[in-house]
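Asks: structural data only, the sequence is not supplied:
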């Protein structure tokens, strides 16, 4: 059972609080089990909000026992969190707890110092203020969410839903996350528009997947020609068995997984190197610049050159 602790503080935004409660509580595994237990935690038993009060069944000590802590946004003018709250978040982080913020909850998370030196996002209206107040944080105002591994942040309220689904996909794979998305009546990942702005550090796979060794090998050999027969052979399976288990455990086909992994590799190279488009096409395993441009646009929603213009790091600008 994976415990989700949702932190309720004074003047919490109701939608930001209810989103993780609703999404995680509905998740079902293929065998029908509920993998998440959701708890509302706070520094006091009653948390004042806009026009009503929230009763918390758990105190701050529950943060230390949680697998994931959610920090929702709070209304403008809300008092800063107490040092007790900030320290509870730091202690949880030191234990390896995953911590995610929704919308302007990034401000409270930034106050702990945990986001220093990392990329983060928040609602686009508040992004300039976040950058001004926390200069050690690399604020990315145009993305839906940023996943740094242990620490995650999301943009506006709807992006908080995107982030919750992303975490479900990280924990249990795309098939389980897709089912959660259907229950929430939302796409698992937005197509077009801002789809190219979502930051994915690696293709999502369920924890403990029996395919982890071959997935890691695929990541290391993206620039090579990888056929279904070769991948099945690496897994000591027949092609049919490998394809079936791959879809069961990742929610997609081996070739689609490779395509998205290669696009992610290309995104990194476009952002952080001066390599030509032709060279990146080869390094990411697309075979030809033409195939690279077509497939990159299909997945990322924009051309490689446009992506580079938008996200090129200052070091390489």
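Replies: Received, thanks. The model shown is predicted, which means the values in this text are computed figures rather than measured ones.
Asks: low-confidence stretches in the chain?
Replies: 50, 185-208, 310-317 (pLDDT under 70).
Asks: and the helix ranked longest in it, what does it pack onto?
Replies: Ranked by residue count, the top helix of the chain under DSSP state H comes out as helix 254-272. Using 3 or more Cβ pairs under 8 Å, 6 or more residues apart in numbering; DSSP states H and E, the elements in contact with helix 254-272 are helix 212-220, helix 228-234, helix 239-250, helix 277-283, helix 289-300, helix 304-311. In this view, the C-beta of every residue, glycine as well, is placed from N, C-alpha and C.
Asks: can you give me the buried ones in that helix?
Replies: 254, 256-267, 269-270 (16 or more other Cβ atoms under 10 Å).
Asks: residue 259 touches residue 296, doesn't it?
Replies: No - counting by Cβ atoms under 8 Å, residue 259 sits too far from residue 296 to count as a contact (9.5 Å).
Asks: is it true that residue 2 touches residue 67?
Replies: Yes - using Cβ under 8 Å, residue 2 makes contact with residue 67 at a distance of 4.7 Å.
Asks: domain map for this protein?
Replies: Listed by automatic domain parsing, the domain ranges of the chain are 2-197, 212-311.
Asks: neighbours of residue 26, just the number please.
Replies: 14 (other Cβ atoms under 10 Å).
Asks: oops, could you answer that again for residue 273 instead?
Replies: Neighbour count of residue 273, defined by other Cβ under 10 Å: 15.
Asks: which residue sits closest to residue 23 in space, ignoring its chain neighbours?
Replies: Of all residues not flanking residue 23 in the chain, residue 164 sits nearest, at 4.4 Å (Cβ to Cβ, 6 or more residues apart in numbering).
Asks: swap in residue 252?
Replies: Nearest non-adjacent residue to residue 252, counting by Cβ to Cβ, 6+ apart: residue 174, 5.9 Å away.
Asks: how close does the one you found sit to residue 165?
Replies: Look at residue 174 and residue 165: by Cβ to Cβ, to the nearest Å, they are 10 Å apart.
Asks: strands of this protein, start to end?
Replies: Secondary structure of the chain (DSSP state E): strands at 2-7, 36-41, 46-48, 53-55, 68-71, 98-101, 119-120, 138-139, 145-147, 151-154.
Asks: dump the ones you listed to CSV, plus distance to residue 25 and mean neighbour count.
Replies: Formatted as CSV, the strands of the chain follow (distance: least, Cβ to Cβ, whole Å; neighbours: other Cβ atoms under 10 Å):
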stretch, distance to residue 25, mean neighbour count
strand 2-7, 9, 24
strand 36-41, 5, 20
strand 46-48, 19, 15
strand 53-55, 16, 13
strand 68-71, 12, 26
strand 98-101, 16, 26
strand 119-120, 26, 22
strand 138-139, 31, 20
strand 145-147, 20, 25
strand 151-154, 19, 28
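Asks: any chance of CSV for those strands, columns distance to residue 217?
Replies: Converted to CSV, those look like this (distance: least, Cβ to Cβ, whole Å):
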stretch, distance to residue 217
strand 2-7, 27
strand 36-41, 31
strand 46-48, 48
strand 53-55, 48
strand 68-71, 29
strand 98-101, 26
strand 119-120, 28
strand 138-139, 31
strand 145-147, 23
strand 151-154, 27
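Asks: just so I know, which of the ones you listed lies nearest residue 227?
Replies: strand 145-147 (30.1 Å; Cβ to Cβ).
Asks: sheet partners, orientation included, of the closest one?
Replies: If you go by DSSP bridges, strand 145-147 pairs up with strand 151-154 (antiparallel).
Asks: was I right about the residue nearest to residue 23 contacting residue 24?
Replies: Yes - here residue 164 reaches residue 24: they are 6.6 Å apart, a contact under Cβ under 8 Å.
Asks: which residues are in contact with residue 141?
Replies: Residue 141 is in contact with 121-122, 124, 127-128, 155, counting by Cβ atoms under 8 Å, 6 or more residues apart in numbering.
Asks: redo that, cut-off 7 Å
Replies: Residue 141 makes contact with 121, 124, 127 under the criterion Cβ atoms under 7 Å, 6 or more residues apart in numbering.
Asks: over to residue 70?
Replies: 4, 6-7, 20, 100, 102.
Asks: noted, bye for now.
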